[in-house]
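Enquirer: the amino acid sequence is not available; the structure is as follows:
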């Protein structure tokens, strides 16, 4: 089942995004993001996956406009929203929204739920009556009872809090929602519910998602395209089916080997184990960032940064050894099948 | 839970708390070296008369018995007698406590007026020279001895500039205190329309309150800065910023969420200052309760010391209760 985005209209373009953070008391910097380029089309879900420290959250925050990029550009609908010199929140009002990992911390503890949901509407200067009506509408849409509107965040479960955060994020009809690990702080039941909710919303409203996660089974279920990040760079990207059926970068293969996929039909032909730890983002290694951990690395890998190689079907990989990684790929006779629960295909409506 | 149940429960806890405080302070005070009988009778007294006085003061009895006696008297509202003033401790304290409370309250207002705005400012603007100066002040405020700063202020504002009256108590000698209603000269002056006394009282309060206020703004400043900046770094503030809400509103909300921590540090400071203002009381000859207690310690006059400990304990507990009531009103979480 191929889950491809039906629209080709690009709404977000990120080009060579670089973000450095100063190290306190030193002239060194943390290279959090090192030249990330990506594109999000209308109504699709792009997943950004990687270990913690890979820079995926930083990319999300730069896209949402919470962080100023060191260099590179973020263009949302032909307007540069994240030039290094300025951050204009007014332009983005309601057009790009964000859902945080910790639902409890993203809601002001002193505000009633209805005020939290109305916040982006207030910022976008919606008049009072329309605002109240919209709050009710989105509350219903995310499946919350109306009585929670009068409650405070701490009276709600984490799953309910995340629903509030989602209701708030979609209130202004945004074209793009950045979801920063929206389910990793939730228990499995709440997680499944939230993922289902996100798909339903996308189906109804055609909202595009930039879905940041380290949870590969969720990513596989919800996203149309996947970009794998390692040490602030995208090492491989392509359609979800491609990435999961034909992982080509050693890092992606290592990442997939490290998790149990909930699909018994899919077995590993041969595992690929990465050695050691992620290198320090303060002093980046020369050559391919994975060379020190990769069993295939040779002299060239340690000297040059591999460029993007098109391995077909819109699947790009940054690896000199991409021909040799085939032996590690999965046997996936059934064609990248999704878990049984996900067998219903979702096609975003125009 | 209604507010009455809440207060009743809190009050029920106050009694054992006070008993504990009295017990600990009684045994600690008994460790103070110096025999009151010797001090009272002078160096030339005979062993015989000292022994007699011991017996009449009950000092020859075991400590535990003396403690029970003390508690028994306490329950009857008798705080003992000071051998120095020859007056009941209760009367002495009632006379002197308003002086201390008045000084401490104005000092705290100065500390709040300095600490909170500086804290919010430095939390919002972490860079820049004003912020650096404020931060420097914050770290210095906690380290300067208050009596020293008081002396410096006296030198500058009294000796050099003649801007304030002499540091000799709460009023000019020539001005009679306003009729006593609360014992606080500024309030009594205001209530009775005694403007001369009010003016003199305020002029006398200015320097000691400024000294204590500037020193004790330190903790309020530090708490405000750290909690407000934590709230500004929080995800809900980030979200408000992303939505395009004005910065001033985001700062206000950060402050609203930081407020309970700030109130807590203020309340602790209030209780602390009752005893902590004693050096300033000495420097400005304030005649307050702290000064009274220190005189007691120096002369083995035990009852005033215990009386003062009890007074400041009750004061702190009342402040804490008041603060908890504020929380009760502000934060629905406490009500559960």
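Expert: Everything's here; your move. Computed from a prediction, not measured in an experiment: that's the story for all the values here.
Enquirer: downstream of whatever helix or strand residue B:19 lives in, the next helix or strand is which one?
Expert: Using DSSP states H and E, residue B:19 falls within helix B:3-29. Downstream of helix B:3-29, the first helix or strand assigned by DSSP H and E is helix B:36-41.
Enquirer: what's the lengthiest helix in chain A packed up against?
Expert: In terms of residue count, the longest helix belonging to chain A (DSSP state H) is helix A:188-205. Helices and strands touching helix A:188-205, by 3 or more CB pairs under 8 Å, 6 or more residues apart in numbering or on different chains; DSSP states H and E, are helix A:158-170, strand A:208-213, helix A:216-222. The C-beta positions use only the backbone N, C-alpha and C, and glycine is treated the same way.
Enquirer: please identify the buried residues of it?
Expert: Residues of helix A:188-205 classed as buried by neighbour count (16 or more other CB atoms under 10 Å in any protein chain shown): A:190, A:191, A:192, A:193, A:194, A:195, A:197, A:198, A:199, A:201, A:202, A:205.
Enquirer: now do the end-to-end distance for stretch A:167-183.
Expert: 15 Å (CA to CA, to the nearest Å).
Enquirer: give me the buried positions along it.
Expert: A:167-172, A:174-183.
Enquirer: check stretch A:242-258 too.
Expert: Buried-residue list, stretch A:242-258, by 16+ other CB under 10 Å: A:242-257.
Enquirer: ok, so of the residues you listed, who is nearest chain B?
Expert: The nearest member of the buried residues of stretch A:242-258 to chain B, counting by CB to the nearest CB, is residue A:255 at 26.8 Å.
Enquirer: got the phi/psi numbers for that closest one?
Expert: phi -60, psi -40 (degrees, to the nearest 10).
Enquirer: quick one: it and residue A:228 touch, right?
Expert: Yes - the criterion here is CB atoms under 8 Å, and residue A:255 meets it with residue A:228 at 6.9 Å.
Enquirer: overlap in contacts, the two.
Expert: A:49, A:50 (CB atoms under 8 Å, 6 or more residues apart in numbering or on different chains).
Enquirer: contact residues of the stretch 51-200 of chain A facing chain B?
Expert: A:64-66, A:89-90, A:92-94, A:96-98, A:100, A:102, A:105-111, A:119-120, A:122-124, A:152, A:154, A:168 (CB under 8 Å from any CB of the partner chain).
Enquirer: could you pick out the buried ones from those?
Expert: The buried subset of these (16+ other CB under 10 Å) comprises A:64-66, A:89, A:92-94, A:96-98, A:100, A:102, A:105-111, A:119-120, A:122-124, A:152, A:168.
Enquirer: circling back to that earlier point, possible to save the buried residues of helix A:188-205 as CSV with distance to residue B:85?
Expert: Shown next, in CSV, are those (distance: CB to CB, whole Å):
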residue, distance to residue B:85
A:190, 70
A:191, 73
A:192, 77
A:193, 74
A:194, 73
A:195, 78
A:197, 76
A:198, 77
A:199, 82
A:201, 78
A:202, 82
A:205, 81
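Enquirer: of those residues, closest to residue B:261?
Expert: Among the buried residues of helix A:188-205, residue A:190 lies closest to residue B:261 (CB to CB), at 30.6 Å.
Enquirer: so where is chain A shaky, pLDDT-wise?
Expert: Low-confidence segments of chain A, defined by pLDDT under 70: A:1-7, A:82-93, A:259-272, A:327-350.
Enquirer: could you chop it up by domain?
Expert: A:10-223, A:248-337 (automatic domain parsing).
Enquirer: for residue B:110, find the nearest of those.
Expert: Short answer: domain A:10-223, nearest of the domains of chain A by CB to CB, at 28.2 Å.
Enquirer: and the end-to-end length of that closest one?
Expert: Taking CA to CA, the first and last residues of domain A:10-223 lie 16 Å apart.
Enquirer: output the set of residues of chain B in proximity to chain A.
Expert: Near chain A, when you scan chain B using CB under 8 Å from any CB, you find B:234-236, B:238-245, B:253, B:256-257, B:332-333.
Enquirer: quick one: buried ones out of those residues?
Expert: Buried subset of the residues of chain B next to chain A (neighbour count, 16+ other CB under 10 Å): B:234-236, B:238-245, B:253, B:256-257.
Enquirer: how near is the residue of chain B positioned farthest from its centre to residue A:165?
Expert: Going by CA atoms, centre = their mean, the residue of chain B most distant from its centre is residue B:243, 44.4 Å out. Distance, residue B:243 to residue A:165, by CB to CB, to the nearest Å: 12 Å.
Enquirer: and residue B:161, by the same measure?
Expert: 59 Å.
Enquirer: again with residue B:213
Expert: Taken as CB to CB, the span from residue B:213 to residue A:165 is 43 Å.
Enquirer: so which of those two has more stuff around it?
Expert: residue A:165 (30 against 21; other CB atoms under 10 Å in any protein chain shown).
Enquirer: buried residues in whatever helix or strand residue A:74 lives in?
Expert: Secondary structure from DSSP H and E places residue A:74 in strand A:71-76. Of all the residues in strand A:71-76, those buried under the rule 16+ other CB under 10 Å are A:72, A:73, A:74, A:75, A:76.
Enquirer: would TSV of these with distance to residue A:211 be doable?
Expert: Putting these into TSV (distance: CB to CB, whole Å) gives the following:
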residue	distance to residue A:211
A:72	21
A:73	22
A:74	17
A:75	20
A:76	17
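Enquirer: out of those, the closest to residue A:147 would be?
Expert: Nearest to residue A:147 among the buried residues of strand A:71-76, with distances taken as CB to CB, is residue A:76, at 36.4 Å.
Enquirer: partner residues bridging the closest one?
Expert: Counting by DSSP bridges, residue A:76 is bridged to residue A:12, residue A:79.
Enquirer: doesn't residue A:11 make contact with it?
Expert: Yes - shown here, residue A:76 and residue A:11 form a contact pair, counting by CB under 8 Å, at 6.7 Å.
Enquirer: list the contacts of whatever residue of the stretch 251-350 of chain A ends up closest to chain B.
Expert: Per CB to the nearest CB, residue A:281 is where the stretch 251-350 of chain A lies closest to chain B, at 20.8 Å. Applying CB under 8 Å, 6+ apart, one finds that residue A:281 lies in contact with A:30, A:31, A:32, A:53, A:55, A:231, A:232.
Enquirer: does it sit in a helix, a strand or a coil?
Expert: coil (DSSP: H, G, I helix; E, B strand; the rest coil).
Enquirer: where's it relative to residue A:290, distance?
Expert: Distance from residue A:281 to residue A:290, by CB to CB: 14 Å.
Enquirer: mutual contacts of the two, please.
Expert: residue A:231.
Enquirer: excluding its backbone neighbours, what's nearest residue 146?
Expert: With no chain named, the answer covers chain A. Setting aside the residues directly before and after it, residue A:146 is nearest to residue A:139 in space (CB to CB, 6 or more residues apart in numbering or on different chains), at 6.3 Å.
Enquirer: my bad, chain B
Expert: residue B:215 (4.7 Å).
Enquirer: now the helices: where do they sit in the stretch 201-350 of chain A?
Expert: A:216-222, A:240-245, A:250-257, A:299-303 (DSSP state H, counting those that start in this stretch).
Enquirer: what strand or helix carries residue B:96?
Expert: Assigned by DSSP H and E, residue B:96 belongs to helix B:89-124.
Enquirer: buried ones in that helix?
Expert: Under the neighbour-count criterion of 16+ other CB under 10 Å, helix B:89-124 has B:89-90, B:92-93, B:95-108, B:110-112, B:114-116, B:118-124 buried.
Enquirer: got it, and stretch A:115-133?
Expert: Buried-residue list, stretch A:115-133, by 16+ other CB under 10 Å: A:116, A:117, A:118, A:119, A:120, A:121, A:122, A:123, A:124, A:126, A:131.
Enquirer: can you check what angle separates the host helix or strand of residue A:32 from strand A:71-76?
Expert: Per DSSP H and E: residue A:32 is located in strand A:29-41. Angle, strand A:29-41 to strand A:71-76, by axes from the mean of the first three to the mean of the last three CA atoms, to 10 degrees: 30 degrees.
Enquirer: now find how far off-centre strand A:29-41 is within its chain.
Expert: 12 Å (CA atoms, centre = their mean, to the nearest Å).
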